[in-house]
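Undergrad: I would like to see how this sequence folds:
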Amino acid sequence: MQLSKGQVAVVTGAASGIGYALADSFARKGLDVVLADVQEDALGEAAARIAEHGVSTLAVRTDVSSEASVQELARSTVDRFGAVHVLCNNAGVAGKGDPWTGPLSAWEWVMGVNFWGVVHGVRAFLPHLLGGGHIVNTASIAGLFPGFGASYDASKHAVVAISEDLYHNMNAAGLPVGVSCLCPGWVRTGIMDADRNWPSHLGDKPADMPLAHVMTDHVRRAIDEGMTPAAVADLVVQSVEAQRFWVLPHQDFLEMAIRRWHRIADRLDPVPDDQTPGLPPREQIMAEVAKAMEELIADGG
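TA: Model (predicted):
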């Protein structure tokens, strides 16, 4: 699909991170951009910066976990621009708390944004793309290799699956709608602080799991040293123009997923990878957890 001036791109989660970078990259191509995000103050600021490229923008506060909210986003987009050419279902969150003994609200939030947000986006915008367009769904390497948190892994596996189904459906129907699935590893975003937008209707935020800080510290460091959102966005734009399904920015993470599938092919039980890219060796992390546990017990915790 050739991207050009006068086309319209819609990006969810556009106030920061990969979403903002996608909006910026499309604007640099001359596309008008609809920015959607649940954080209204940051959304307005982002839209103002994108407009500096000389394109038209529309900022729509959107809770992607709500079908009604995403349908309103689609209506607002068509009312303003009359068409949609690219849709990026990019909004995503990472939850905290124990997935097995903590509150179910943590699951509801992550699945609501990461999974239902993609479903709502496709269903709301697909009728407006049937004349020709492209859908980009942001999954994660966690969609190909679990180990980043149960609810997050589940939501991202689901995004990969429905993206593949959508791709096959569009091809089988002979419709001119391309589909891409983005599966990045560490990217410099604020996802570790996603609960700043925790919805009040779900009650109190889940408490961190005991000793979670050990892994969180390493993950924050890996994210801070990760790929820039702009570099990821450039790969997405290239994939849209080349009509490529897979957008896999991190070869080292892909190799980790391949090792997992080799074990599956040999019918071997799951094992954690000894070396997750960007993190210390697993043995070091386990030793840090054991030390933190000893200190917690010694402090009477």
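Undergrad: What residues of stretch 206-215 count as buried?
TA: Within stretch 206-215, the residues that qualify as buried are 206, 209, 211-212, 214-215, counting by 16 or more other CB atoms under 10 Å. Backbone N, C-alpha and C define where each C-beta goes, glycine included.
Undergrad: so residue 116 sits in a strand?
TA: No: note on residue 116: no strand contains this position according to DSSP: H, G, I helix; E, B strand; the rest coil, which reports helix.
Undergrad: Just give the nearest non-adjacent residue to it, would you?
TA: Ranked by CB to CB, 6 or more residues apart in numbering and with sequence neighbours excluded, the top spatial neighbour of residue 116 is residue 65, at 5.4 Å.
Undergrad: Confirm that that neighbour sits in a helix.
TA: No: counting by three-state DSSP, residue 65 is located in no helix; its state is coil.
Undergrad: quick one: it and residue 110 touch, right?
TA: No: the pair residue 65 and residue 110 fails to qualify as a contact (CB atoms under 8 Å) at a distance of 9.7 Å.
Undergrad: which of those two has more neighbours?
TA: Using other CB atoms under 10 Å, the more surrounded residue of residue 65 and residue 110 is residue 110, with 26 against 23.
Undergrad: quick one: that one and residue 151 touch, right?
TA: Yes: with contact taken as CB under 8 Å, residue 110 and residue 151 are classed as touching, separated by 4.1 Å.
Undergrad: can you list residues touching both of these two?
TA: Residues touching both residue 110 and residue 151 by CB atoms under 8 Å, 6 or more residues apart in numbering: residue 95.
Undergrad: just checking, residue 2 touches residue 241?
TA: Yes: with the criterion set as CB under 8 Å, residue 2 and residue 241 qualify as a contacting pair; they are 6.6 Å apart.
Undergrad: Output the below-cut-off pLDDT ranges for the stretch 201-301 of the chain.
TA: Residues of the stretch 201-301 of the chain meeting the criterion pLDDT under 70: 296, 300-301.
Undergrad: which residues of it fall in helices?
TA: Counting by DSSP state H, counting those that start in this stretch, the segments of the stretch 201-301 of the chain that form helices are 212-224, 229-242, 251-265, 282-298.
Undergrad: do the stretch 51-200 of the chain as well
TA: When secondary structure is read from DSSP H, counting those that start in this stretch, the stretch 51-200 of the chain shows helices at 67-81, 105-110, 117-129, 150-173.
Undergrad: Let's have those helices in JSON lines, adding mean pLDDT.
TA: Rendered in JSON lines, the data for those read as follows (pLDDT from 0 to 100):
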{"stretch": "helix 67-81", "mean pLDDT": "98"}
{"stretch": "helix 105-110", "mean pLDDT": "98"}
{"stretch": "helix 117-129", "mean pLDDT": "98"}
{"stretch": "helix 150-173", "mean pLDDT": "98"}
